[in-house]
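In: Structure here, sequence nowhere to be found:
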């Protein structure tokens, strides 16, 4: 039985992870849960799964949770970065599901690895910002870091039973989001409510906007580079609107191996937790006879400039991916608050990237410094832009 700490239990990944736990109670036990601000959902999760410890965003939320929890055998209640770090390093935990959105997920995930915990990784930013440092520490500690992203899970599955030296390229698929067929003029008029309506997946607001801009796919390219130890030149992106083929691997003989399934995050979560086994999820099977045609096309980098910027950051390496990510988080937040337009997101990110002098990252502190600089610079650009 695996003992789990779920960092980000009230988000879409965390909720689906708990569905996997409920479908397989003989395999998994929840020892710790963390949330941001969704105290009501966390309270219900505590009642069902009875963790030993929980953590929330700040002290005020922790006090609110303490006041409203009833019954015996209550968990330890922590808050803030120290609380999240504690949940990642608990002796009672052997596996962490890293599902905190954004750069905030990096430090607790890294600390968990240092403490010898196995990682089921949904937090893209961990590898985007600090891929070589994180994977070096995982190797040092002898722990695995298995992907929860549907695309990277598909690649992992498509690599099974094949020799690494036979690989020609990785093909990441992208839904294209809700604006795949819009012109730039039309995209300039879209609002947050429209961008939050993803055609295939149910995700949190930040990731949904990243999907609409295709920044999500750019971050996944950087993540794939580190996860599978391949150069950026051997990673391609294809838009696949149906979200049935989750990604592919092409081999030197021309063979392409893909993984297909219904678009539901329970599948990659279950695989990361049970690797290399496939366990029950309770999901309906993929009825290929009802799916219809499957389409693939190259992404338009002029209309989806965030993807182009991510590829540029990946090629630059060093601190630039962390700067890209930090700038994107500020820009997406500004768009969600209706401070900027949809096409202003890549403009703000590009301004910050152009002002940055790329440098090597050899410590987690240097990564966080780059992230901090990017946020401050993007915020300053945002204020100047609005003025």
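Out: Received, thanks. Just so it is clear, the model here is predicted, and its values are computed rather than measured.
In: Please make it C-alpha for all contacts and neighbour counts, starting now.
Out: Will do.
In: Strands of this structure, start to end?
Out: Along the chain, counting by DSSP state E, strands occupy 2-7, 28-34, 53-56, 76-79, 95-98, 118-121, 145-147, 167-174, 235-239, 245-251, 256-260.
In: Take the ones you listed and write them to a markdown table, including distance to residue 357, mean neighbour count and mean pLDDT.
Out: Rendered in a markdown table, the data for the strands of the chain read as follows (distance: least, Cα to Cα, whole Å; neighbours: other Cα atoms under 10 Å; pLDDT from 0 to 100):
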| stretch | distance to residue 357 | mean neighbour count | mean pLDDT |
| --- | --- | --- | --- |
| strand 2-7 | 33 | 26 | 98 |
| strand 28-34 | 36 | 25 | 98 |
| strand 53-56 | 35 | 27 | 97 |
| strand 76-79 | 35 | 19 | 96 |
| strand 95-98 | 30 | 28 | 98 |
| strand 118-121 | 29 | 25 | 97 |
| strand 145-147 | 30 | 23 | 96 |
| strand 167-174 | 29 | 23 | 97 |
| strand 235-239 | 25 | 19 | 98 |
| strand 245-251 | 34 | 23 | 98 |
| strand 256-260 | 39 | 17 | 98 |
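In: Format these as TSV; extra columns: distance to residue 270.
Out: TSV is the format used below for the strands of the chain (distance: least, Cα to Cα, whole Å):
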stretch	distance to residue 270
strand 2-7	12
strand 28-34	11
strand 53-56	22
strand 76-79	27
strand 95-98	11
strand 118-121	10
strand 145-147	11
strand 167-174	20
strand 235-239	25
strand 245-251	15
strand 256-260	15
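In: To residue 22, which of the ones you listed lies closest?
Out: strand 28-34 (8.4 Å; Cα to Cα).
In: can you point me to the longest helix in this structure?
Out: The helix of greatest length in the chain, counted in residues with DSSP state H as the criterion, is given as helix 364-386.
In: Is there a neighbour count for the nearest residue to residue 302 once chain neighbours are set aside? I'd like the number.
Out: The spatial neighbour of residue 302 that comes closest, neighbours along the chain excluded (Cα to Cα, 6 or more residues apart in numbering), is residue 308 at 7.9 Å. Taking other Cα atoms under 10 Å as the criterion, the count of residues near residue 308 is 19.
In: Spit out the contact partners of residue 308.
Out: For residue 308, the contacting residues are 218, 301-302, by Cα atoms under 8 Å, 6 or more residues apart in numbering.
In: Tell me the confidence at residue 68?
Out: Per-residue pLDDT puts residue 68 at 89.
In: circling back: possible to save the contacts of residue 308 as JSON lines with distance to residue 207?
Out: Conversion of the contacts of residue 308 to JSON lines gives the following (distance: Cα to Cα, whole Å):
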{"residue": "218", "distance to residue 207": "12"}
{"residue": "301", "distance to residue 207": "19"}
{"residue": "302", "distance to residue 207": "21"}
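In: Cross these against helices and list the overlap.
Out: When the contacts of residue 308 are checked against helices (DSSP H), the matches are residue 218.
In: Out of the contacts of residue 308, who's the most crowded?
Out: Counting neighbours by other Cα under 10 Å, the one among the contacts of residue 308 with the most is residue 218, which has 25 neighbours.
In: ok so, going back, among the strands of the chain, which is nearest residue 332?
Out: Within the strands of the chain, the stretch nearest residue 332 is strand 167-174; the backing value is 19.2 Å (Cα to Cα).
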